[in-house]
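**Q** Sequence first, predicted coordinates after that:
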Amino acid sequence: GHSIHLRARSDDCWSSALDKMLSRLDCASNRCARLSFLAPDDPRIVDELKLQQCQTMQQAYEDTPLWAMSGNQRGLIIQDITQKVDALMNPTAVISPAEIGTCGSGRRRAAHTAAYDWSRNGCRVECKSAMVRLQSNHSSWRAMFAGVKVNQGLFDDLLLSLYTPCGIYIYRHDLCLGLSRSGKRQPAEGHNISIYSSRSTFQWQSAVDDILSKLDSSDC
């Protein structure tokens, strides 16, 4: 599909930038129509957030770094941390940025969509991060690493960074544990790696222990 962009000057404060964008949407010369406005404290928003943000998750993560960030922002920071750890564990290695390359259509990739994340002495390293989350039905906890493009020759080493209430755990994955092998996902979307705690595990501490035990007992 197409993208729709509304821009303001980079040196504008957020309120001034917002006013400019809204004025463009409200301008009589286009066919856009403002349908509604909801303030952050609107009861409808508050009620929806209560449904989406499970109290158990909040209690587990609220005092930890990165909790309040968006998933994308948190993922980028964890990737940067993982790269630094990789460099510390391989002090004589040359760590280099990924080569951008081209996508399947032949077009040049954007920097954030490179086929892998960095190079270690020529070894192409891909990093995926996931947060240990309580399942919506509260039956168990899960860490899901999404969009892993295995068997496509895009990377040589897959590192998984597991964000938990007690810290970040980094593993080299064996390309086997928890890898989804069913469904009709297109190759471009990649597979998911899902690791679950035992069913009816409600405490995050026990859930993290379960998930780490599965990783430690595998070939990861």
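**A** Sure, I can see it. Numbers count the residues shown, from 1 in each chain.
**Q** gap between the helix ranked longest in the chain and the chain center?
**A** If each helix of the chain is counted by residues according to DSSP state H, the longest one is helix 71-89. Relative to its parent chain, helix 71-89 has a centroid offset of 12 Å by C-alpha atoms, centre = their mean, to the nearest Å.
**Q** Summarise which helices and strands it is packed against.
**A** Counting contacts by 3 or more C-beta pairs under 8 Å, 6 or more residues apart in numbering; DSSP states H and E, helix 71-89 is packed against strand 95-97, strand 118-120, strand 123-131, strand 157-164, strand 167-172. Yep, even glycine has a C-beta here, placed from its N, CA and C like the rest.
**Q** give me that answer again for 6 Å
**A** The contact analysis (3 or more C-beta pairs under 6 Å, 6 or more residues apart in numbering; DSSP states H and E) places helix 71-89 against strand 123-131, strand 157-164.
**Q** buried set for that helix?
**A** By neighbour count on 16 or more other C-beta atoms under 10 Å, the buried set for helix 71-89 is 74-75, 77-79, 81-83, 86.
**Q** Kindly present these as JSON lines, with separate columns for pLDDT and distance to Ile100.
**A** Formatted as JSON lines, those follow (pLDDT from 0 to 100; distance: C-beta to C-beta, whole Å):
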{"residue": "Arg74", "pLDDT": "94", "distance to Ile100": "24"}
{"residue": "Gly75", "pLDDT": "94", "distance to Ile100": "19"}
{"residue": "Ile77", "pLDDT": "96", "distance to Ile100": "21"}
{"residue": "Ile78", "pLDDT": "96", "distance to Ile100": "22"}
{"residue": "Gln79", "pLDDT": "96", "distance to Ile100": "16"}
{"residue": "Ile81", "pLDDT": "96", "distance to Ile100": "22"}
{"residue": "Thr82", "pLDDT": "96", "distance to Ile100": "20"}
{"residue": "Gln83", "pLDDT": "96", "distance to Ile100": "17"}
{"residue": "Asp86", "pLDDT": "96", "distance to Ile100": "20"}
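**Q** Let me see the residues that make contact with stretch 205-219.
**A** Contacts to stretch 205-219, defined as C-beta atoms under 6 Å, 6 or more residues apart in numbering, come from residues 132, 141, 143, 164, 171, 174, 177, 195, 197-198, 201.
**Q** try it again with 10 Å
**A** Stretch 205-219 is contacted from outside by 60, 130, 132-135, 140-143, 160, 162, 164-167, 169, 171-178, 195-199, 201, 203, 220, using C-beta atoms under 10 Å, 6 or more residues apart in numbering.
**Q** export it as CSV, just CAs?
**A** Extracted in CSV, the C-alpha atoms of stretch 205-219 (Å, rounded to 0.1, in the frame of the first residue of the first chain):
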residue,chain,number,x,y,z
GLN,A,205,9.6,-15.6,38.5
SER,A,206,8.6,-19.2,38.0
ALA,A,207,7.7,-18.5,34.4
VAL,A,208,11.2,-17.0,33.6
ASP,A,209,12.8,-20.0,35.3
ASP,A,210,10.8,-22.3,33.1
ILE,A,211,11.7,-20.5,29.9
LEU,A,212,15.4,-20.3,30.8
SER,A,213,15.4,-24.0,31.7
LYS,A,214,14.1,-24.8,28.3
LEU,A,215,16.8,-22.7,26.7
ASP,A,216,19.5,-24.1,28.9
SER,A,217,18.5,-27.7,28.2
SER,A,218,18.4,-27.3,24.5
ASP,A,219,21.3,-26.9,22.0
